[in-house]
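[1] no sequence on this one, just coordinates:
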């Protein structure tokens, strides 16, 4: 992989790659098989409502090799948005080649140009030491917070 990894905004044409990446990441990191239809609709929904965030795609020789999603979280404490890095995936053959570093650098650059952005955040699996080391190498710090959730099953959601 060359030192310069081209990064671009994802488009609707990238939905299959983004869905494949999300499915692979969920299986690899959490041993979860995602419903392909739900996943594709979820990826497409971001393009329908860009106020939710944006996807970036990294390329090598014109082929997508990595991606990430940025979503926004309003902070009333800081009167600005945190940008959350999510759905980070690098295809196995492109790992350790600067792809995530290039994606992160582009997010950081864009965030610093926007006076409404107060910082970057992400979450990582507790046991994913390699990813944690990569994030620390990019001057990201572990927070004192723990993440809690209550996921709603399909029967509990309002459609």
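    Thanks, I have the structure now. Because the structure is a prediction, the values reported are computed rather than measured. Residues are numbered from 1 along each chain as shown.
[2] ok, residue 46 - how many residues close by?
    Close neighbours of residue 46, defined as other Cβ atoms under 10 Å, add up to 20. C-beta coordinates here come from the backbone N, C-alpha and C atoms, glycine included.
[3] Per-residue confidence, it, what does it come out as?
    Residue 46 carries a pLDDT value of 97.
[4] these two touch, right, it and residue 53?
    Yes: counting by Cβ atoms under 8 Å, residue 53 is a contact partner of residue 46 at 6.2 Å.
[5] Overlap in contacts, those two.
    residue 69 (Cβ atoms under 8 Å, 6 or more residues apart in numbering).
[6] quick one: buried residues of stretch 58-78?
    Within stretch 58-78, the residues scored as buried using 16 or more other Cβ atoms under 10 Å are 58-60, 64-71.
[7] Out of those residues, which two are the most distant from each other?
    Checked with Cβ to Cβ, the buried residues of stretch 58-78 reach their widest spread between 60 and 71, with 25.5 Å between them.
[8] Given the longest strand anywhere in the chain, what are its sheet partners and their directions?
    For the chain, the longest strand by residue count, based on DSSP state E, is strand 63-75. Counting by DSSP bridges, the strands paired with strand 63-75 are strand 53-60 (antiparallel), strand 80-90 (antiparallel).
[9] So what's the gap between that strand and the chain middle?
    Remark: strand 63-75 is offset 4 Å from the chain centroid, using Cα atoms, centre = their mean, to the nearest Å.
[10] ok, now stretch 46-63?
    Distance of stretch 46-63 from its chain centroid, counting by Cα atoms, centre = their mean, is 10 Å.
[11] What are the contacting residues of that stretch?
    Contacts for stretch 46-63 (Cβ under 8 Å, 6+ apart): 1-2, 5-12, 14-15, 17-18, 43, 45, 64-72, 83-84, 87, 90, 94, 97, 99, 102-103, 106-107.
[12] What subset of those residues is buried?
    Neighbour counting with 16+ other Cβ under 10 Å marks 1, 5, 7, 10, 14-15, 17-18, 43, 64-71, 83-84, 87, 90, 94, 97, 99, 102-103, 106-107 as buried within the contacts of stretch 46-63.
[13] Where does the prediction get shaky in this structure?
    Residue ranges of the chain with pLDDT under 70: 1-3, 157-159.
[14] Any idea what the most centrally placed residue in the chain is bridged to?
    In the chain, the residue lying closest to the centroid (Cα atoms, centre = their mean) is residue 86, at 2.7 Å. Counting by DSSP bridges, residue 86 is bridged to residue 69.
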